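>>> Below are the sequence and a predicted model for it; my questions follow.
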Amino acid sequence: MKVLILGSGGREHALAWAVKRSRRVTEVVCAPGNGGIAQVARCVPVDLKDVDSMVRLAEAEQPTLTIVGPELPLSVGIVDALQQRGLRVFGPTREAAMLETSKAFAKQFMKRNKIPTANYAVCSSLAEFEKEISVFHPPLVVKADGLAAGKGVLICTSRNTALEAAHGLFSGALLGSAEAQVVIEEFLEGEEVSFLCLSDGTHVTPLVPAQDHKRIGEGDTGPNTGGMGVYSTDSILEPGMTEWILHHIAEPTVRGMAEEGMPFVGVLYCGLMMTARGPEVLEYNTRFGDPETQAILLRLESDLVDALDACIDGRLDQHELRWSPGASACVIASSSGYPGSYKSGLHITGLGSAALVPGVQVFHSGTARLDDRVVTAGGRVLGVTATGESLQQALDRAYQAMGEINFDGMYYRRDIGHRALAKQK
Ligand code: AMP
Ligand code: GLY
């Protein structure tokens, strides 16, 4: 099999690494890839927002299977375009990806299908927003309808700041382009859990749960990022909770999408808040998470390609995933300045000795090759990932490997997994 992976981050490096381990795969191509992915796949250029560019590449390469990593290609309909040309592809159609690409659609869908989520209102104008907001009590959450790479969610401590936020979103001042719809949401409290499932359009199989750390600073402080680290253990969810989430959230989502004529095939990522009332959906993503995937795939013992094939063929109910017990953790090394502006092209040292730490895989998020060197090429640079018999061991290994790595201004959080470790004490 020849597998084409679309994307260029740590998630795609982990996907390429897992795909390469499949006994059925002879060649992995990644577009556009990065400096680390180039060690496991042939990297070729592509424009991930341009369907024609991706279609041309797929037609030239003729992969047996294409896996779509990020949301952008899904949002422009790459899955529909490849399917129309008879190419096999893993990911949701443009319509099914609306669960992620339109927060208004997702909220209304959840309401129709009685899936637990925060109370909300969808507003199409500032006047409507002003009217709706009177029934919400601060703190409240204001969200842009469309994709905004984490920048479209504003937590507001008063109605006035919420109004300012809505004004900024409708006018375009906040995100650079004007939003047609803005969502107001009740603020939920609790711990967040990333609950990812595979779906074949009818059946749902959960992956192991993970917990992300979205803020840049230790103790969960400072601005939101794409994710600064993640861990995965089975004990993130108490006994019986996986079944509850499947029965009340994941399965009704997949059933609802099928009933509404938009069958969902791909990864359904339910971003959950574990509230006092039980789990509620904060958001859906319609793809593998980053950096969740790095930690999750390190625990996958069975063949990833077999599982994705079962999704495409609608026989996920006959497929079983096998996981290693214990734990995994991924710690992100970022560039100084991230999530604001940062420098690129800085030489990274110590990757070789980091890889020698037992149980460790270093996945590259934003790197490039310059002659025979690896240099920084993004805000998030590396995801140092490790497995262990316990969470403590996985974290110790990841941090030991991180200690070998250096580049100018390298930053990482030293407290990944802190909530779980505190609970164990
Ligand atoms: P999203 O882009 O929807 O994942 O939101 C980004 C982050 O904002 C989430 O991971 C949460 O930490 C936070 N968030 C979103 N919605 C809410 C909510 N209703 N209550 C509390 N926090 C929220
Ligand atoms: N880790 C959060 C995301 O992938 O959206």
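Everything's here; your move. Ligands and ions are numbered 1, 2, ... in the order given.
>>> in the stretch 51-200 of the chain, which spans are strands?
65-68, 89-90, 120-123, 140-144, 153-156, 182-186, 191-200 (DSSP state E, counting those that start in this stretch).
>>> May I see those arranged in JSON lines, with mean neighbour count and distance to ligand 1 as well?
Quick note: C-beta positions are derived from backbone N, CA and C, even for glycine. Output for the strands of the stretch 51-200 of the chain, formatted as JSON lines (neighbours: other CB atoms under 10 Å; distance: least, CB to the nearest ligand atom, whole Å):
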{"stretch": "strand 65-68", "mean neighbour count": "25", "distance to ligand 1": "19"}
{"stretch": "strand 89-90", "mean neighbour count": "24", "distance to ligand 1": "23"}
{"stretch": "strand 120-123", "mean neighbour count": "21", "distance to ligand 1": "8"}
{"stretch": "strand 140-144", "mean neighbour count": "24", "distance to ligand 1": "4"}
{"stretch": "strand 153-156", "mean neighbour count": "18", "distance to ligand 1": "4"}
{"stretch": "strand 182-186", "mean neighbour count": "24", "distance to ligand 1": "4"}
{"stretch": "strand 191-200", "mean neighbour count": "22", "distance to ligand 1": "6"}
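>>> Could you export those as TSV, including distance to S232?
Listed next are those as TSV, based on distance: least, CB to CB, whole Å:
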stretch	distance to S232
strand 65-68	20
strand 89-90	21
strand 120-123	29
strand 140-144	26
strand 153-156	24
strand 182-186	27
strand 191-200	9
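>>> any chance of those strands in TSV, plus distance to ligand 2?
TSV is the format used below for the strands of the stretch 51-200 of the chain (distance: least, CB to the nearest ligand atom, whole Å):
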stretch	distance to ligand 2
strand 65-68	14
strand 89-90	17
strand 120-123	20
strand 140-144	14
strand 153-156	11
strand 182-186	17
strand 191-200	7
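>>> and the nearest residue to D306 once chain neighbours are set aside, what does it touch?
Closest residue to D306 apart from its sequence neighbours, by CB to CB, 6 or more residues apart in numbering: H319 at 6.9 Å. Taking CB atoms under 8 Å, 6 or more residues apart in numbering, we find H319 in contact with 205, 306-307, 310.
>>> sorry, back to before: in JSON lines: the strands of the stretch 51-200 of the chain, plus mean pLDDT.
Converted to JSON lines, these look like this (pLDDT from 0 to 100):
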{"stretch": "strand 65-68", "mean pLDDT": "98"}
{"stretch": "strand 89-90", "mean pLDDT": "98"}
{"stretch": "strand 120-123", "mean pLDDT": "92"}
{"stretch": "strand 140-144", "mean pLDDT": "92"}
{"stretch": "strand 153-156", "mean pLDDT": "90"}
{"stretch": "strand 182-186", "mean pLDDT": "93"}
{"stretch": "strand 191-200", "mean pLDDT": "97"}
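>>> what about the ones you listed, which gets the closest to P239?
strand 191-200 (14.7 Å; CB to CB).
>>> Tell me which other helices or strands the closest one touches.
strand 204-206, strand 211-212, strand 265-275, strand 278-285, helix 292-298, helix 304-312 (3 or more CB pairs under 8 Å, 6 or more residues apart in numbering; DSSP states H and E).
>>> between it and strand 278-285, how many degrees?
Strand 191-200 and strand 278-285 are oriented at 60 degrees to each other (axes from the mean of the first three to the mean of the last three CA atoms, to 10 degrees).
>>> How far away from the center of its chain is strand 191-200?
A distance of 10 Å separates the C-alpha centroid of strand 191-200 from that of its chain, computed with CA atoms, centre = their mean, to the nearest Å.
>>> and if you look at stretch 83-90?
With CA atoms, centre = their mean, you get 23 Å for stretch 83-90.
>>> The closest residue to L174 other than its chain neighbours and ligand 2, how far apart?
Setting aside the residues directly before and after it, L174 is nearest to G168 in space (CB to CB, 6+ apart), at 3.6 Å. G168 sits 22 Å away from ligand 2, going by CB to the nearest ligand atom, to the nearest Å.
>>> G168 contacts A178, doesn't it?
No: between G168 and A178 there is no contact under CB atoms under 8 Å: 10.1 Å.
>>> Pick out whichever of these two has more residues nearby.
Neighbour totals were compared for G168 and A178, and G168 leads with 17 against 11 (other CB atoms under 10 Å).
>>> if I look at that one, how far off is A121?
For G168, the distance to A121 equals 18 Å [CB to CB, to the nearest Å].
>>> before we move on, what about G256?
Counting by CB to CB, the gap from G256 to A121 is 21 Å.
>>> G9 too?
34 Å.
>>> now Y338
From Y338 over to A121 the distance is 34 Å, taken as CB to CB.
>>> OK, contacts around the residue most central in space within the chain?
Note on the chain: the residue nearest the mean C-alpha position is G289, at 1.7 Å, using CA atoms, centre = their mean. Counting by CB under 8 Å, 6+ apart, G289 touches 11, 194, 196, 210, 212, 227, 230, 269.
>>> Closest one of those to ligand 2?
G227 (3.8 Å; CB to the nearest ligand atom).
>>> Wait, a strand at that closest one?
No: looking at G227 with DSSP: H, G, I helix; E, B strand; the rest coil, it is coil, so not inside a strand.
>>> Count the neighbours of it for me.
G227: 25 surrounding residues under other CB under 10 Å.
>>> which ones are touching it?
212-214, 289-292, 332, 380.
>>> Of these, which are in range of ligand 1?
K214 (CB under 6 Å from any ligand atom).
>>> from the contacts of G227, which is closest to ligand 1?
For the contacts of G227, the nearest to ligand 1 is K214 (5.3 Å; CB to the nearest ligand atom).
>>> pretty sure the closest one is touching V230, no?
No: contact criterion CB under 8 Å: K214 and V230 do not qualify, at 9.9 Å.
>>> Quick check on the two: which one has the bigger neighbour count.
The residue with more neighbours, out of K214 and V230, is V230; 28 against 16, by other CB under 10 Å.
>>> and the more buried one, what element?
strand 229-233 (DSSP states H and E).
>>> Next, count neighbours for the closest residue to ligand 1 within the stretch 151-300 of the chain.
Nearest to ligand 1, among the residues of the stretch 151-300 of the chain, is E283, at 3.4 Å (CB to the nearest ligand atom). Neighbouring residues of E283 were enumerated by other CB under 10 Å; the total is 17.
>>> and it, what are its bridge partners?
G271 (DSSP bridges).
>>> show me what contacts the nearest residue to P325 once chain neighbours are set aside?
Excluding its sequence neighbours, the residue lying closest to P325 (CB to CB, 6+ apart) is D234, at 7.2 Å. Counting by CB under 8 Å, 6+ apart, D234 touches 208-209, 325.
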